[in-house]
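Trainee: here is my input; please provide its structure:
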Amino acid sequence: MKIAIVAVGRLARSPETELVKLYVERATAAGRALGLGPVEVIEVETKKTGKAAEAQALGPHLAEAHLIACDEHGRQLASRAFAQEIGKLRDDGVRRLVFVIGGADGLDAALLAQAKSALAFGPQTWPHALVRAMLAEQVYRAVSILAGSPYHRD
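Mentor: Numbers count the residues shown, from 1 in each chain. Got it, this is the predicted structure:
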């Protein structure tokens, strides 16, 4: 199952960018034997502002995918539950899993309705660059858990 993080905006050179790259590479390498990956990050930009314009720019990258929206009103999952959800999707034959991160104002209502589920990173407000890094790390952690690597919470 291919995995993509699709996000509005481009990250400049930053520590968060390096973390995203590190965890995406790790998840891709560790996931091969499990039928997970490659993991990729797709960044989109729009000339127009607003959720609807962002949703339109995101649209082509969401086709034929199981869509999980990153949204403050989504479910909060522990790492093991997150891993189990990814494993179940893979086992159910999902070929492409996409996590979508909107712009500063969040995701368009129509795009949220299109998502199979929504994922939240707690009640705090997080910078979008940091959300990408946290999501990439959790994808890597999920792959590690599914691979049977020791998990410090067990």
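Trainee: now the longest helix along the chain: buried residues?
Mentor: When secondary structure is assigned using DSSP state H, the longest helix within the chain turns out to be helix 128-146. Within helix 128-146, the residues that count as buried by 16 or more other CB atoms under 10 Å are 128-129, 131-146. Placement of C-beta: from N, CA and C, glycine included.
Trainee: and what of stretch 95-112?
Mentor: The neighbour-count criterion (16+ other CB under 10 Å) identifies 97-103, 106-108, 111-112 as the buried residues of stretch 95-112.
Trainee: and those residues, which is closest to residue 13?
Mentor: residue 101 (19.0 Å; CB to CB).
Trainee: quick check, central residue of the chain?
Mentor: For the chain, the residue nearest the mean C-alpha position is residue 99 (3.3 Å; CA atoms, centre = their mean).
Trainee: pLDDT wise, what is it at?
Mentor: Predicted confidence (pLDDT) at residue 99: the value is 98.
Trainee: just residue 116 next, same as before
Mentor: Residue 116 is assigned a predicted lDDT (pLDDT) of 97.
Trainee: ok, it touching residue 68?
Mentor: Yes - with contacts defined as CB atoms under 8 Å, residue 116 counts as touching residue 68 at a distance of 6.5 Å.
Trainee: higher neighbour count, the two?
Mentor: Between residue 116 and residue 68, counted using other CB atoms under 10 Å, the more crowded position is residue 68 (21 against 13).
Trainee: and the more buried one, its phi and psi?
Mentor: The phi and psi torsions at residue 68 (degrees, to the nearest 10) take the values phi -120, psi 120.
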